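Novice: Give me coordinates for this.
(chains A, B and C)
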Amino acid sequence: MSTALGDRHENYLNVDSSVKSWLLTTDHKRIAILYLLAATLFFLVGSVFAGLIRLNLMTPYGDLVQAETYNKLFTMHGITMIFFFLIPSIPAVLGNFLIPMMIGAKDVAFPRLNLLSWYVYILGGTFTLVAATLGGVDTGWTFYAPYSTVYANTNVIVTALGIFITGFSSILTGLNFIVTIHKLRAPGMKWSRLPLFVWAHYATSLIMVLGTPVIAITLLLVALERGLHLGIFDPALGGDPILFQDLFWFYSHPAVYIMILPSMGVVSELIACFSRKRIFGYEFVAASSLAIAILGFLVWGHHMFVSGQSVYAGMVFSLLSFLVAIPSAIKVFNWTATMYKGSIAYDAPMLYAMGFIGLFTIGGLTGLFLATLGADVHVHDTYFVIAHFHYIMVGGAMMGYLGGIHFWWPKMSGRLYPEAWSRAAGLILFVGFNLTFFPQFILGFLGMPRRYHVYPPEFQVLNVMSSAGATILGVGYLIPLIYLLWSLRYGPPAGPNPWGAKGLEWETPSPPPTQNFEKTPIVTEEAYAYAPTEAEVG
Amino acid sequence: MHPRRRKLASIDSPLQHHFVGLEQQHEASTLGMWVFLVTEIMFFGGLFTLFTVYVTIHAEAFAEGSKHLDLLLGSVNTAVLIGSSFTMAMAVKSAQLGQRKPLLGFLVLTMFLGCVFIGIKGIEYTHKFEQHLVPGRNFHLDSPVAQNVQLFFSFYFAMTGLHALHMVIGVGVLTWLLVHSWHGRFSPTYFWPVEVSGLYWHFVDIVWIFLFPLLYLVARHA
Amino acid sequence: MTHTIVPTRIYVQVFAALLVLTALTVAASFFDLGGGRLHYVNAVVALTIAVSKATLVVLYFMHVRWSSRMIWVFVGAGVFWLLILIGLTLSDVLTRQWIPALPPWGLGLKP
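Specialist: Okay, here's the model as predicted:
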C-alpha cells in the first residue's frame, strides 16, 4: 500500500501539513524532526570538510591544499561536527521525541522554549556557515589563546559568537529535560522505573546546564578581546593563555560526555529489546550515568598535561581520569551480562549496539593510555589522540545515534525500512570505520602529528588506508540516508510495536498522535519487564 | 472580542495543556527558573574564576586599579540594588495576595531603582573614559604596572558590563510584568510569573553583592 | 510548595540587615585588618560578609527557607560547581612551582 506518509489515522505528522504549522510548532515530536533535518545537514557539511582532509592526506606533500587552508578545514570539521551535530544529535532528535513519551507525558515542560532552542540552534549555525563562506577559521575548534585572541586573521569573532549562541540551545534543551523528568512523570512512573534512556538524558542535561555556560563566557571573552581589546588572556597585560584552556576544557571535557551518555542510553534500550531481557544491574547503569556526569567535571586537565599546567595538578587530573573510566566500564560489563543467556536478534539496531560496545571499549581503553601522564607526553597532539576520540565519537556516539534512528524510525515515521539493506549498511560502516581510524592509532604511536597538512613519506601507506576507509565510511552513511527516505513513501506501514519492545512509547500508534496518549498511562511494572527467556527458565 | 483582550487571549486560561494542574505548572516554572539561575552562576562564574586567579597573582596592580574606582557611587549602587530586591520581594507578596495596586507600585519602584543603578553605572563608565582607563586605545596610565592595571579594567568592564546587561533585561521583564499586572492577569491562584521574575532579579542582585567587594573593596588594602 | 506568605516585617528586617552589612564591609575596607603582614584577611572578611548577604537574599527574598529539598539541592549544586571551577583552576595556578616540569639536573641536551 503505497500511501502518503501516515494518512491512516490522525497523527503528529499529518494533523496539519502547512509550513507555518511546522515552523511554529510546539509539539516536541515535530521539533525533534526539525532538529533531525538540521543536524543531518550539518553532518553533511562536516563530512565534506572531513573528505577534503582525508583527500589531502593521501599524499605526504600537501598536494591538495595549502597549510592555511588545511588549518581551516580541520577547524571547520571539528566545529561543525562537535557543536552542530554530535552535541545536539541524540538529545535534540531522539531525546525530544521520546522522553515525554517514555515518561507518559503529553509534552516537555516548556514547549515554547523547546521551539526557541531550535531557532537559537539555527541562528548559531547560520553564523558559523556565514563564517565558513567568508573563509572560515583556522584556530582549531579549540580556539586556543593567544592565537585566537591576538594573532589569527580569520573570522574568529563570527564563529565564536555562532557557537556562543548555539550553546544556549543546548542549555534550553537540558533545562527542559530536567524539569520534564522531575515534574511530568505519569502516575506510577517512579525514578526506579524510568528507562535507562531517560536516566542517560537526565545526566546529560545536568552536564549541559552546568558546563555550557562556561564555554559561553569563554568564547564571549575571546570575541571581546578581539573586538574591544578587553585583554583577559593577553600575556602583554599579564593575562595567562593557559587559563583560557582551563575554562575551555572545563566545558569541553564534560561535553564529550554530553556526546556519549545519550548514546549509551540508546544502547541500553537496544540491548534490552534485542536480548529480550531486563538490563543487568539497572541501578548500576543508572548510577553510572550520574557518576560519569559528575566525575566528568573533575578531569579537564588531562587535555593540558603538556601545556604548562602545574605538574602536580596534572597528577591529580590523571588519577581522576582513571576514576571516570570506571562507570563506563561498569556499563559495558552490564550490557554484556544482559546479552548472556538472552534471546538475541540481529536486527540492524542490535548490530549498531554491538558495534558500539566493541568500538567504545577500544576508544575508552585508549583514553586511559592518554590519561597516563608519562605516555601522554609522547602521544599528545598526534594521530593517537585523533583515533581515540573518533573511536568514541564515531564508533561510539554515531553508532548509538544510527542504532536509535533505526530502532525508533518505525515509531517516528510509521514505516518500516528494508531489513537487508540496513544490516548491510551497518556492516559497511563498521568495516569502513575501522579501516579509517585503526591505522591512525599506529600513525600516532609512530609520531605523526595532528593538524599538519604534510607528513613524512614513510607514513603514506597508513594514510592511504585511512583515506580509503573514509570512502567506505562515506558510502556506509549514504546508504541509510537513501533507504530511510525511500521508506517514507514505499516502506510497509509499521504497527505500534514492530520490535515487540517494552516501553510506553511502544504503546501508542505509529506515528503517534499529537498528544501522545489518549489517556494518561498508569505505570505498574518495572522497566524492561520482558518475560523470562527460555535460557533463563529452562 | 475586545481588541486589547484578544492580544492577551493566549493567557486567558493560565493552565497550559500539557500540565495536569496549576500546581504542577507552578512547580515546573519555579524549578525551571532555578535551573536557569544555576546556568547563570556558571556563566558569571567563569569571570569570577579568572578574576580570582589574577587578583592573586597581580595583587598590587589590582589594588591600584581598584583605587581608581568611585567607592561612593559603588556603595550607593549597592544600596540601590538591595532596595530594589526589597521592593521586588514586596511585589511578589502583593501578587500572592492578589493586591493589584501594591503590585503595580512595587514593580514600578523596582524598575525605577533598577534604572537608577544603570544610570549611576553610566556615570561611572563616563568617568573612566575621561580618566583614560578604558582598555584599548583609550587606556593611558603612568604606573610601573600599567599593563596589569589595564587587565583589571578589562575585568571591571567585562563583569559590570555583563551585569548591567542582565539588569537591562531584568527591567524589560519587569515591564512585561507591569503590563500584565495592569490587565489584572495575576491572582492568588496564578502569580508565579512575578515570583520567578523575582528570583531572576534577586540573582542579579547577588551577583552585584559579590562584584562590589571584589572590584571596589578587596584589593584596596592588599 | 512556596505558597508561604512571608510577613512584611521579615522582609524589612532582611533589608535592614543587608544595608548594615554593606556599611560594615565598606568600613572594613578602610583598615588593614591583616596588621600589615597578612594580606588576605581583608579579602576573607569582605567575602564572608558578601556570602552572608547572599545567603540572606537566597533564604528570605528568594524563599529558599521555605522551599522543597530539591530546590535546596539545585542551589547547592550550583554553588558547589562554581567552587569546583574556581578550586581546581586555582590548584593549577598556585602549584605550578611545586614540581618543575624539567628535572633539576637538566635534560643533558647539547645546543
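
Novice: Now do the same for stretch B:131-150: mean pLDDT, whole number.
Specialist: Averaged over stretch B:131-150, pLDDT sits at 90.

Novice: what's the answer for stretch A:461-475, then?
Specialist: The model assigns stretch A:461-475 a mean pLDDT of 97.

Novice: Return the residues of chain C in contact with chain A.
Specialist: Proximity of chain C to chain A, by CB under 8 Å from any CB of the partner chain, involves residues C:70, C:77-78, C:81, C:84-85, C:88-89, C:91-96, C:98-101. C-beta: built from backbone N, CA, C; applies to glycine.

Novice: Buried subset of these as a ChimeraX selection?
Specialist: Typed into ChimeraX, the line below selects the buried ones among the residues of chain C next to chain A, using 16 or more other CB atoms under 10 Å in any protein chain shown:
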select /C:77,78,81,84,85,88,89,92,93,95,96
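
Novice: ok, and which of the residues of chain C next to chain A reach chain B?
Specialist: The residues of these that also fall near chain B, by CB under 8 Å from any CB, are C:70, C:77-78, C:81, C:85, C:89, C:93-94.

Novice: Of the residues of chain C next to chain A, which belong to helices?
Specialist: Judged by DSSP state H, these include C:70, C:77-78, C:81, C:84-85, C:88-89, C:91-93 as members of helices.

Novice: does residue 22 belong to a helix or a strand, and which?
Specialist: Going with chain A. helix A:19-23 (DSSP states H and E).

Novice: oops, I was thinking of chain C
Specialist: With DSSP H and E as the test, residue C:22 turns up in helix C:8-28.

Novice: how about low-confidence regions in the stretch 401-538 of chain A?
Specialist: Applying pLDDT under 70 to the stretch 401-538 of chain A flags the ranges A:533-538.

Novice: could you list every residue that touches the closest residue to chain C within it?
Specialist: For the stretch 401-538 of chain A, the residue positioned closest to chain C under CB to the nearest CB is residue A:447, at a distance of 18.5 Å. Going by CB atoms under 8 Å, 6 or more residues apart in numbering or on different chains, residue A:447 touches residue A:382.

Novice: Check residue A:274 too.
Specialist: A:344-347, A:349-350, A:353, A:499 are the contacts of residue A:274 under CB under 8 Å, 6+ apart.

Novice: Apply 10 Å and report the result again.
Specialist: Residues in contact with residue A:274 (CB atoms under 10 Å, 6 or more residues apart in numbering or on different chains) are A:338-339, A:342-351, A:353-354, A:403, A:407, A:499, A:501.

Novice: Could you pull up the mean pLDDT of the helix or strand hosting residue A:332?
Specialist: If you go by DSSP H and E, residue A:332 is part of helix A:311-339. Averaged over helix A:311-339, pLDDT sits at 96.

Novice: That one and chain C in contact?
Specialist: Yes. Applying CB under 10 Å from any CB of the partner chain, one finds that helix A:311-339 is in contact with chain C at A:311-317, A:320.

Novice: quick one: that helix near chain B?
Specialist: No. Contact between helix A:311-339 and chain B is absent, the nearest approach being 13.0 Å (criterion: CB under 10 Å from any CB).

Novice: next one: stretch C:33-42
Specialist: Yes. Against chain B, stretch C:33-42 shows contacts by CB under 10 Å from any CB at C:33-34, C:36, C:39-42.

Novice: of the residues of helix A:311-339 next to chain C, buried ones?
Specialist: Applying 16+ other CB under 10 Å to the residues of helix A:311-339 next to chain C flags A:311-314, A:316-317, A:320 as buried.
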